[in-house]
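Give me a 3D structure for the following:
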Amino acid sequence: MDALPKSQLLQFVERAMVLARRAVARFSTRYSRKRFTLRQHVVLLCLKVKKTTTYRDLVDELIEMPRIRETLGLNSIPAPSTLCKAFDRLEMAVWRVLLNVSLTDLPVNGVTGIDASGFERAHASTHYTKRTNLTIQQLKTTLLVDTATNAVLDIHVTTTRKHDTQIAPQVVKRNAASIKVLTGDKGYDDQKLRHLARDHDIRPLIKHREFTSLHKAWNARLDTDLYHQRNMNETVNATIKQKFGAFVRSRLWWKQFRELVIKCVVHNVERSLALSHEEYDCPRV
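Numbering: from 1, shown residues only. Model (predicted):
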């Protein structure tokens, strides 16, 4: 009897498990109860975001997913509270490492775009935001995107009204080795940012705000084809919101930040699978 073909969900779990093995140790300490591994927790949390479901519903669906459980090596099914505690325990540094590892199989080319978008804090009540002095109803999320693969190289999240020119230098410094060209709209028009990019051997393609004829002339000299690749940022932002929700479920800001990073990890895994399928389907000449 022929083996059943692998579903997209199973392929996602397999790829996520490979990345988890590269990025995370099996157990947090040698004193761990060793019932479930950190890698299993990581993949299950990614699966929760991919399916835009709750802990309880994910656990319920796992009962009917024998091949997924086999791939993860699950001898038993974790309780919803177990996954919730795992999400609390896994620090942001772990998810950032996983985000970096998710890029290893992607043919990034160093031409990047930077842009910001907003995610709704859907579950933050008015009372909560007042009590914690959080008056912003959206999280400002800045993505650094590789325009060749539509993969997310880095993410910056803030609850404040920081200007784009204050956020971009942090992102550039963190990823200088991965950036050859930095494209950005007029919101990133700042000479200090351009100087910073050039100091790191990065070519800045950032439009000037047009106050004088000189600014118009500078904009006219931009490499139009290369600059317009920054539109991939809008595509990635729209894709993440459409697939995984334009909001965060968590109530605490640090959990909201982690949730957004996981969305980017899941997006990169899906991009890796999609590009693999394209390469497989494309006939060799």
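
Break down the protein into its helices, ranges please.
8-23, 38-50, 55-62, 66-72, 80-89, 92-101, 126-131, 164-174, 191-199, 213-220, 224-227, 231-244, 253-281 (DSSP state H).

any idea how far the longest one is from the chain center?
So the one you mean is helix 253-281. Averaged C-alpha coordinates place helix 253-281 at 6 Å from its chain's average position (CA atoms, centre = their mean, to the nearest Å).

tell me how far the ends of stretch 197-216 are from each other?
22 Å (CA to CA, to the nearest Å).

outside of that stretch, which residues touch it?
Outside stretch 197-216, the residues that touch it by CB atoms under 8 Å, 6 or more residues apart in numbering are 172-173, 176, 179-186, 188-190, 193-194, 218-219, 222-223, 226-227, 230. The way it works is simple: take the backbone N, C-alpha and C, and place the C-beta from them, glycine included.

How about stretch 97-107?
19-20, 22-24, 42, 146, 148-149, 151-155, 261, 264-265, 268-269, 271-272, 275-276.

Quick check on the residues you listed: which are buried?
Buried by 16 or more other CB atoms under 10 Å: 19-20, 23-24, 42, 146, 148-149, 151-155, 261, 264-265, 268-269, 271-272, 275, out of the contacts of stretch 97-107.

Okay, buried residues for stretch 228-245 please.
229, 230, 232, 233, 236, 237, 240, 241, 244, 245.

Wait, residue 110 touches residue 182, no?
No: proximity of residue 110 to residue 182 does not meet the contact threshold set by CB atoms under 8 Å, at 9.6 Å.

Which of the helices of the chain comes out lowest on mean pLDDT?
Here the lowest mean pLDDT among the helices of the chain goes to helix 126-131, at a mean of 58.

I'd like the distance between residue 98 and residue 177.
19 Å (CB to CB, to the nearest Å).

Between those two, point out the one with more neighbours.
residue 98 (24 against 9; other CB atoms under 10 Å).
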